[in-house]
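In: Build me a model from this:
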Amino acid sequence: MLSLEKEFIDLEELKSQPDKVKEMVNKSKMIINAAPGSIVNTGNNNEIKYNNSVKKSDKMLLIKHLSDSGIPEAEIEELLNIVDEGFDKTTNWIERMVDKAKSGAWNIKVGAAGALLADAIKAYLGLP
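Out: As a prediction, the model looks like this:
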């Protein structure tokens, strides 16, 4: 019986710790709202190691990575048409995608969207 009590939350204890309740709720929201393929990190002093699967000049890996991240096929096709043309068009595309993240049209957090796109495109172009 004692082991079962340790597995469940004591409601009386939580009533006296509103900060702990708020922290638990915020962590739950973060996990629930995470986009498919995203990485969730909670706690203090945690470290995440992320391995970008995109390789230089490999369009198929770029397509898979972006598709797995929830980017619609039409948006990926547009990027493929401009990514080799230069940074101006590619930057504009990234800005539009980040705007979609801001508006909720793309189910990903804004900071994660920018990093995901920049990392994938840099890897595709062979940039450090």
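In: Give me the neighbour count for residue 103.
Out: For residue 103, the neighbour count with other Cβ atoms under 10 Å is 9. Every C-beta, even on glycine, is put in place using the N, C-alpha and C of the backbone.
In: what about it, distance to residue 92?
Out: With distances taken as Cβ to Cβ, to the nearest Å, residue 103 is found 17 Å from residue 92.
In: cool, and residue 114?
Out: Residue 114 is 14 Å from residue 92, by Cβ to Cβ.
In: More neighbours: which of these two?
Out: Legend: neighbour count by other Cβ under 10 Å for residue 114 and residue 92, higher for residue 114 (16 against 11).
In: With the flanking residues excluded, which residue is spatially nearest to the more buried one?
Out: residue 98 (5.3 Å; Cβ to Cβ, 6 or more residues apart in numbering).
In: Quick check: the gap between the one you found and residue 76.
Out: In terms of Cβ to Cβ, residue 98 sits 16 Å off from residue 76.
In: do the same with residue 62
Out: For residue 62, the distance to residue 76 equals 8 Å [Cβ to Cβ].
In: Comparing those two, which shows the higher neighbour count?
Out: residue 62 (22 against 18).
In: The more buried one touches residue 53, doesn't it?
Out: No: here residue 62 does not reach residue 53: they are 9.2 Å apart, not a contact under Cβ atoms under 8 Å.
In: Residue 60: what secondary structure?
Out: helix (DSSP: H, G, I helix; E, B strand; the rest coil).
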